[in-house]
Structure formats: C-alpha cells, structure tokens
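Asks: I'd like to go over a predicted model; first the sequence, then the structure.
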Amino acid sequence: MKKFIFLILVPLLISCNKEEVDFLGKTKTEINIYLAEEGWTEYFNSDENIETIPLESTPWLKNSEIEFYDWSSHMFYLNTEKKKGEYGGRQFVVKKESNSLSISKRLFVGLFFPIYMSAMPHIPTILAVDNLFVPADVVDFSLFGAYPPENMDNKFEFKEALISAGFFREGIDVEMLHIDRKSSSTLSYTIRVTNNDKENIYVLDPNKMGEGRFHFFTNGVSLWKNRTSYYSQYQSISVPEVKSSWYTKLAPQKSIERTITLGGFTDLPTGGVQFHFSFPGSEVDAGEWKKSNGRIWLGNKFIQGETNLR
C-alpha cells in the first residue's frame, strides 16, 4: 500500500513543479511592471480604463528582479538596479501573472513622475530621477507623500498578490503617543516605532544622531487649527552621510519610544489641533540597505491625527 501511494505522489509532485504549482495546489503568482507603449500620453487618474492602455511586451521590472515589497513604505527592494530618469511622463501598469495558467491581471496604473511636472497625479508615482532619495535598487510608489500612502493601503488585491508571490513584508509602524506644548515656539513629541516584520530592521534613532540631524530628514510635527498651519522653522544640521552608529536595530515585534524637542514655531496654539508627522528612513546607495542580520528601513512613514495642546 505504501509503495502504491509513493508511485502516485512522485508523478504528481513532478507535474506540480512543471506547472509552477506548489504542493497545496496554489498557482505560483508573479508580479511584473510593464511600461505603456512609447507615445501613449493619455494620463488616467484612476484604474477605471486600465485595460485600454497599450503595454510593451517585455516587463520593465521582472518578477525575478524583486527581493520583497515593504508595505509600510510602499517600496520594492530589488536584486538589481533600475534606471528611472529616462521614463519621465511614461505610465506603467502593475500586473499579477502566472505563466503556467496564462493568467494576467492588471492591478493598477501609475506614472513616472517628471520633476518638471507641476500637477500631482492621483495615481501611484515613481520619481523619474536616478539616485535621488532612494537608491537604484529600490522602486518607490509613494513619491515621498505626493501620492497619499493610504491610497496604496487600500489596494487589497495588490497586497494579496504580493503575499501569494512571497514578496510581502510588513515593515514598521509608527505611533504618535503625545505632543506637548513647551512654549509658544517649542513643542516636544513622543513616538513609538515598532518592527512588524519577521527580520531585524535598522531605523534612524534621534537619540543617537541628535535632534538637529534627525530633523534634517523630517520636518517633524506640523499642526493645523482653524485653517491655520503651524510649521517649524527649526534650523536642522546638514547630514552629508549617515553613520552606522545612528541606527537602532529593532528585532521582530520590538519597539522603541523616543521623545523629541522641536522649536522654531510661531505662536503655537492651545486646545484641539490636527497633526501630521513623517518618520524618515535613511538615504543610502544601492545595496547598502542590506545587512548581514537584517535591513535598513527606507522611505517615509506618514501618520496624522488629533491631539490637545495645553
């Protein structure tokens, strides 16, 4: 009987391998990004007419070039470098595919955003500049906040495809624990950064690098009340390069809490206010985000909410 079962299983496993299907019977998913054909200039602000976009036959970004996707920053980390600057104004389409079953599903449309473009698109964007903000082996969909990250969070089918392809990573979470008004020009804010991933993640630590250097990478907290905006004019300290000693390594499911002082405001209000904050990632060259025991977190994590200042 055992020999009979073995004879059945062996050809089944061989067949599954040929058909790119795992032993549970699930089809292997691939993620590829295709450029719209050159000359196509009809910009879409949604995915409603995505099927009408003519695409090049070969992917611009192939499934085999992807290491993983960080959901917290909406970035592809790659095992190769990609040129982006030459594609300004070109649209792209992210597709879920399976060669074995001839499945091809267009998930969403995006745009290579040229720096000369004044209007901000309402679709995911890739900055059409090489080696600016992100290294050549990273593809960023959020344009550092120009495209609202919560819109990417709502692309559930994309998330499911990433999970199926084995590319999905949770990344980090950032919480604003409280904001305190120290004077009319100065406040302090306390954040908690948590590693939700399954590997070690290195994050910039304001306690190690100093608040002035930390605010070189972020504007800190911005406030709104009664249609009035309050931004800091704090003079940050320029950072020509990031030292390895400025990172804190977060093990999976571990957190750090940091209280940071920020001056440079004019007539800070009291009472209920809305706040906006961007936790910054580091700026590194291609390949430098890889660590022997984890990775450096890149990008920006945007959070917003309401609080009461006294």
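Replies: Ah, there it is. Numbers count the residues shown, from 1 in each chain.
Asks: okay, how far is it across stretch 155-171, tip to tip?
Replies: Using C-alpha to C-alpha, to the nearest Å, the gap from the first to the last residue of stretch 155-171 comes to 17 Å.
Asks: How far off centre is that stretch?
Replies: Chain-centre distance of stretch 155-171: 12 Å, with C-alpha atoms, centre = their mean, to the nearest Å.
Asks: likewise stretch 42-56?
Replies: Relative to its parent chain, stretch 42-56 has a centroid offset of 23 Å by C-alpha atoms, centre = their mean.
Asks: just for the stretch 101-250 of the chain, where's the confidence low?
Replies: 101, 118, 143-150 (pLDDT under 70).
Asks: Next up, the contacts around A286.
Replies: 81, 135-138 (C-beta atoms under 8 Å, 6 or more residues apart in numbering). No exception for glycine: its C-beta is placed from N, CA and C like everyone else's.
Asks: what ranges do the helices span in this structure?
Replies: 2-18, 149-153, 156-165, 206-209, 211-217 (DSSP state H).
Asks: quick one on the thing from earlier: what subset of the contacts of A286 is buried?
Replies: 135-138 (16 or more other C-beta atoms under 10 Å).
Asks: biggest separation within these, which pair?
Replies: Across the buried ones among the contacts of A286, the longest distance by C-beta to C-beta is 7.5 Å; it joins A136 and V138.
Asks: Now for G264, how many residues are close by?
Replies: Neighbours of G264 under the rule other C-beta atoms under 10 Å: 16.
Asks: residues contacting it?
Replies: 185-186, 232-235.
Asks: and if you look at N195?
Replies: So, once contact is read as C-beta under 8 Å, 6+ apart, N195 ends up touching 172, 201, 250-255.
Asks: Any chance of the residues you listed in TSV with neighbour count and distance to N32 as columns?
Replies: Conversion of the contacts of N195 to TSV gives the following (neighbours: other C-beta atoms under 10 Å; distance: C-beta to C-beta, whole Å):
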residue	neighbour count	distance to N32
I172	22	27
I201	28	27
L250	23	32
A251	13	33
P252	14	29
Q253	10	32
K254	13	35
S255	15	36
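Asks: tell me the two of those residues that are most distant?
Replies: Maximum pairwise distance in the contacts of N195, criterion C-beta to C-beta, is 12.3 Å, between I172 and A251.
Asks: Confirm for me that E38 is in contact with R90.
Replies: Yes - contact criterion C-beta atoms under 8 Å: E38 and R90 qualify, at 7.3 Å.
Asks: Among the buried ones among the contacts of A286, which one sits closest to A161?
Replies: Using C-beta to C-beta, the buried ones among the contacts of A286 come closest to A161 at V138, 19.4 Å.
Asks: I figured that closest one hits L298, correct?
Replies: Yes - the criterion here is C-beta under 8 Å, and V138 meets it with L298 at 6.2 Å.
Asks: Now list whatever residues contact both of those two.
Replies: By C-beta under 8 Å, 6+ apart, the residues touching both V138 and L298 are 75, 289.
Asks: tally of neighbours for F113?
Replies: As a measure of burial, F113 has 23 neighbours, counting by other C-beta under 10 Å.
Asks: Now it. Nearest residue, chain neighbours left out?
Replies: Spatial nearest neighbour of F113, excluding adjacent residues (C-beta to C-beta, 6 or more residues apart in numbering): T125 at 4.2 Å.
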